[in-house]
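Asks: what's the 3D shape of this:
(one chain, ligands or ions: 1)
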Amino acid sequence: MAKILEGRTALVTGSTSGIGLAIALRYAQDGAKVMLNGFGKPEDIARARAEVGLAMGAPKAPYSNADMTRPAEIREMVAACQAELGGCDILVNNAGIQHVSPVEDFPDEQWDRIIAINLVSNFHAIKAALPGMKAKGWGRIINVASAHGLVASPFKTAYVAAKHGVLGLTKSVALEVARTGVTCNAICPGFVRTPLAEAQVKPLAEKHGVSEQVALTDHLLDRQPTKKWVEVEEIAQAAIYLAGPHSGSINGTSISVDGGWVAQ
Ligand code: NAD
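Replies: Predicted structure coming up:
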C-alpha cells in the first residue's frame, strides 16, 4: 500500500527540535521528502538530519539554516526546497519562540523577535511557496499556532498577539487559495512536552516556591484540563491529517490539540 504522503515534498520550519522535528519525522515516515530548518547544536542538527533522512531512505535530510527573522533567507530556503526536493507541496510554519514578562517590562527586542519569528516569517514563507503550489494545483499550508492563538494568558503579550495574528493570516490566505487546490489551516496546541514549554516549569516553581511537579500541574497546566502534557506525536498526527488526501475541504480553520483548554 502506498504511503499517505508518497510523492509529496515538505518544508518544516523549526524542525531541529520539538514539534517541528516530530512533524518532519512523521512526514518522512509516511512517504514525503522533507527539508529541515532550525537552529541548535551541530550534533543535534546532524542527528535530526540522520533520523529524518533514514525515514526518507537517504543518508541525511536536506537542511536550511535560514533565520526566520530574515525574509531573504526565508525566500532562499523555499527556493532551496524546490530545487533540492523538486517542490514545496507542504509548508509547515512551525518555528517559534517565547518570552514571559509583564507588558511594561517586556523588552522591545523580544517583542520584535517574537513577532518576526512567530508571525511575520509565516507570511514570507507562504508568499514564497504559494506560486509553486498554485502551479501544481495542489498544496498544503499548515501554521503551528497555539491555544494562545484563540485565548490569552497574562505576561505573554508578544506570543499571544503573534499567534492570534497567525490565525488571521491562516483565514485570509485560505480564502485566497480556496479554488486552487491549496488549503491553509492551523494547529493550536496546548502545552506540549518540548524544550520551549519545559523551560517554563523551573521559573514557575521558583516564583511560587513549589516543586517542579506542582508548578507543572497547578501553574503551567492550570488551564489544560487533562493536567497532562500534549505529546509531540499527537501534533504530528494532526499535521499528517491536514497534509493528507482526506482534508481537501478543511480550509481556513484550526485544529485544537490542547486537552480541552479552549473549551472552558
Ligand atoms: P522548540 O523550542 O522545541 O522548537 C522551536 C524550533 O524553532 C527549533 O527548531 C528552533 O531552532 C527553531 N527556531 C527558533 N528560532 C528560529 C529562527 N530565528 N529561525 C529558524 N528557526 C528558529 O519549540 P516547540 O515547543 O517545538 O515549538 C514549535 C512551535 O509550536 C512554535 O511555533 C510554538 O509557538 C508552538 N507551540 C508550542 C507549544 C508547546 O507547549 N511546546 C504550545 C503551543 C504552540
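
Asks: For Thr194, list the residues it contacts.
Replies: Each residue near Thr194 by C-beta atoms under 8 Å, 6 or more residues apart in numbering is listed here: 17-19, 232. Any C-beta I mention is one placed from the backbone N, CA and C, and that applies to glycine too.

Asks: Now list the buried members of these.
Replies: In terms of neighbour count (16 or more other C-beta atoms under 10 Å), the buried residues within the contacts of Thr194 are 17-19, 232.

Asks: Just put these in JSON lines and tack on secondary structure and pLDDT.
Replies: Supplementary listing: these in JSON lines, determined by DSSP: H, G, I helix; E, B strand; the rest coil; pLDDT from 0 to 100:
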{"residue": "Ser17", "secondary structure": "coil", "pLDDT": "95"}
{"residue": "Gly18", "secondary structure": "helix", "pLDDT": "96"}
{"residue": "Ile19", "secondary structure": "helix", "pLDDT": "98"}
{"residue": "Val232", "secondary structure": "helix", "pLDDT": "98"}
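
Asks: and these near the ligand, which?
Replies: Checked against the ligand using C-beta under 6 Å from any ligand atom, the buried ones among the contacts of Thr194 give the following subset in range: 17-19.

Asks: possible to save those residues as CSV with distance to Thr194?
Replies: Conversion of those to CSV gives the following (distance: C-beta to C-beta, whole Å):
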residue, distance to Thr194
Ser17, 7
Gly18, 3
Ile19, 6
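
Asks: Name the nearest of those residues relative to the ligand.
Replies: Using C-beta to the nearest ligand atom, Gly18 is the member of these that sits closest to the ligand, with 2.2 Å.

Asks: Skipping adjacent residues, who's closest to that closest one in space?
Replies: With C-beta to C-beta, 6 or more residues apart in numbering as the criterion, Gly18 has its nearest non-adjacent residue at 3.3 Å, and that residue is Thr194.

Asks: And the one you found, how far from Asp222?
Replies: Distance check for Thr194 against Asp222: by C-beta to C-beta, to the nearest Å, it reads 19 Å.

Asks: What of Val100?
Replies: From Val100 across to Asp222, the span is 14 Å (C-beta to C-beta).

Asks: With Ala236 instead?
Replies: With the distance defined as C-beta to C-beta, Ala236 ends up 26 Å from Asp222.

Asks: and Met35, which of the three is it?
Replies: Counting by DSSP: H, G, I helix; E, B strand; the rest coil, the backbone at Met35 sits in strand.

Asks: Now do stretch 43-61: everything it contacts.
Replies: 15-17, 21, 24-25, 28-29, 32-36, 38, 40, 63.

Asks: hmm, 6 Å instead?
Replies: Around stretch 43-61, the neighbours that count as contacts under C-beta atoms under 6 Å, 6 or more residues apart in numbering are 16, 21, 24-25, 28-29, 33-34, 36, 63.

Asks: So which of those residues are in helices?
Replies: Mapping those onto helices (DSSP state H) picks out 21, 24-25, 28-29.

Asks: Most neighbours among those, which one?
Replies: Ala24 (34 neighbours; other C-beta atoms under 10 Å).

Asks: Alright, I will stop here.
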